[in-house]
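Student: no sequence for this one, just the structure:
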């Protein structure tokens, strides 16, 4: 019923990921490892774990994660067989020992009521050897509300801590933003199909932040900003009805800020901003419109 999909490229922390799977107190899952033509051979490490949990390994002949990471996720998902639920686990992230056990323990509470499950999570900051506080979530929460909490930096969210219904994924797929930055944020808004997210706070997914992964790198900030502007365009045009006018204005201001970072404030984007400020008009946004027009 549960497939754990690992898009593999780097060996550095991979053993900790595999060990966390071997340590699961409930082994009702299959792991599908999609090797993105990595130069780092996993044969010896995988041989060490061949009798500790069920896994399928496939090496792709061409690397696509470096340019279209969301497509790498998708071809790894295609390795899965009859499983109903999918988790995409980073090759440097790991699970506490009861994640799968708690998934099945909570199954009667969420089955047929949601397309999305998320676990409590913890950020591991590798450079400082620091473990952040565990991030917990409301038991039931709309995907739009969950994203807005992240937008306000009141919580965190990443790909590895979610489990999603395969049927919902097949209806929507992942949107291919640059670096797949925000591709997971959009996925949860799409995959949820207006059903609330169900949270399991009894177990934790640990998400690593390091110089080896996209989140931890700082040489890709322009691409991250580009992705954010594309994602905010989607949010403003497709999801604004889920937010109050005050919330919409905050999103518009953040969108405007990212455009300035990119020096990408062309005429079309100015009109887009002016229009959306105008339809959410009050005295504060009126001043904002005037400022944009002047600039």
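Tutor: Here it is on my side, so go on. In this text the structure is predicted, and so the values were computed from the model without any measurement.
Student: buried residues in the longest strand seen in the chain?
Tutor: Among the segments of the chain that qualify as a strand by DSSP state E, the longest is strand 197-209. For strand 197-209, burial by neighbour count (16 or more other CB atoms under 10 Å) applies to 197-201, 203-209. (C-beta placed from N, C-alpha, C; glycine too.)
Student: now, which of those residues sits nearest residue 271?
Tutor: Set against residue 271, the nearest of these by CB to CB is residue 197 (34.7 Å).
Student: Skipping its backbone neighbours, what lies nearest that closest one in space?
Tutor: What sits nearest to residue 197 in space, not counting adjacent residues and going by CB to CB, 6 or more residues apart in numbering, is residue 116, at 4.5 Å.
Student: beta partners of that neighbour?
Tutor: residue 164 (DSSP bridges).
Student: From residue 76, how far out is it?
Tutor: 19 Å (CB to CB, to the nearest Å).
Student: Check residue 281 too.
Tutor: Using CB to CB, residue 281 is found at 46 Å from residue 76.
Student: ditto for residue 184
Tutor: Separation of residue 184 from residue 76 (CB to CB) stands at 14 Å.
Student: same deal with residue 244?
Tutor: Residue 244 is 38 Å from residue 76, by CB to CB.
Student: ok, now residue 118?
Tutor: Using CB to CB, one obtains 20 Å as the distance from residue 118 to residue 76.
Student: same check, this time on residue 86
Tutor: On the measure of CB to CB, residue 86 and residue 76 end up 10 Å apart.
Student: Quick check: neighbours shared by the two?
Tutor: residue 5 (CB atoms under 8 Å, 6 or more residues apart in numbering).
Student: Which one of those two is surrounded by more residues?
Tutor: Comparing residue 86 with residue 76 by other CB atoms under 10 Å, the one with more neighbours is residue 76, at 24 against 21.
Student: which residues sit in contact with that one?
Tutor: If you count contacts by CB under 8 Å, 6+ apart, residue 76 has them with 5-7, 32-34, 88.
Student: go on, residue 250?
Tutor: The contact partners of residue 250, taken as CB under 8 Å, 6+ apart, are 151-152.
Student: for the one 5 residues further on, same thing?
Tutor: By CB under 8 Å, 6+ apart, residue 255 lies in contact with 228-229, 232-233, 236, 273.
Student: Tell me which two in those residues are the farthest apart.
Tutor: The farthest-apart pair in these, when distances are taken by CB to CB, is 228 and 273, at 14.7 Å.
Student: Just the buried ones from the contacts of residue 255?
Tutor: Neighbour counting by 16+ other CB under 10 Å classes 228-229, 232, 236, 273 among these as buried.
Student: Would you check how far apart residue 193 and residue 147 are?
Tutor: Distance of residue 193 to residue 147, given as CB to CB: 15 Å.
Student: higher neighbour count, those two?
Tutor: Neighbours of residue 193 and residue 147, each counted by other CB under 10 Å, are more numerous for residue 147; the result is 24 against 14.
Student: Tell me if I'm right that that one and residue 186 touch.
Tutor: No. Using CB atoms under 8 Å, residue 147 makes no contact with residue 186, being 9.1 Å away.
Student: Residue 208 touches residue 14, doesn't it?
Tutor: No. Between residue 208 and residue 14 there is no contact under CB under 8 Å: 11.0 Å.
Student: Can you check which residues contact both of those two?
Tutor: Residues touching both residue 208 and residue 14 by CB under 8 Å, 6+ apart: residue 92.
Student: pLDDT of the helix or strand following the longest strand of the chain, averaged?
Tutor: Using DSSP states H and E, the helix or strand that follows strand 197-209 in sequence is helix 221-238. For helix 221-238, mean pLDDT rounds to 90.
Student: Helix 221-238 packs against which elements?
Tutor: Contacts defined by 3 or more CB pairs under 8 Å, 6 or more residues apart in numbering; DSSP states H and E place helix 221-238 against helix 183-191, helix 245-262.
Student: Would you verify that residue 176 is located in a helix?
Tutor: No. Read with DSSP: H, G, I helix; E, B strand; the rest coil, residue 176 is coil and lies in no helix.
Student: who touches it in this structure?
Tutor: Counting by CB under 8 Å, 6+ apart, residue 176 has contacts 68, 70-71, 183.
Student: Over to residue 66?
Tutor: Applying CB under 8 Å, 6+ apart, the residues contacting residue 66 are residue 36.
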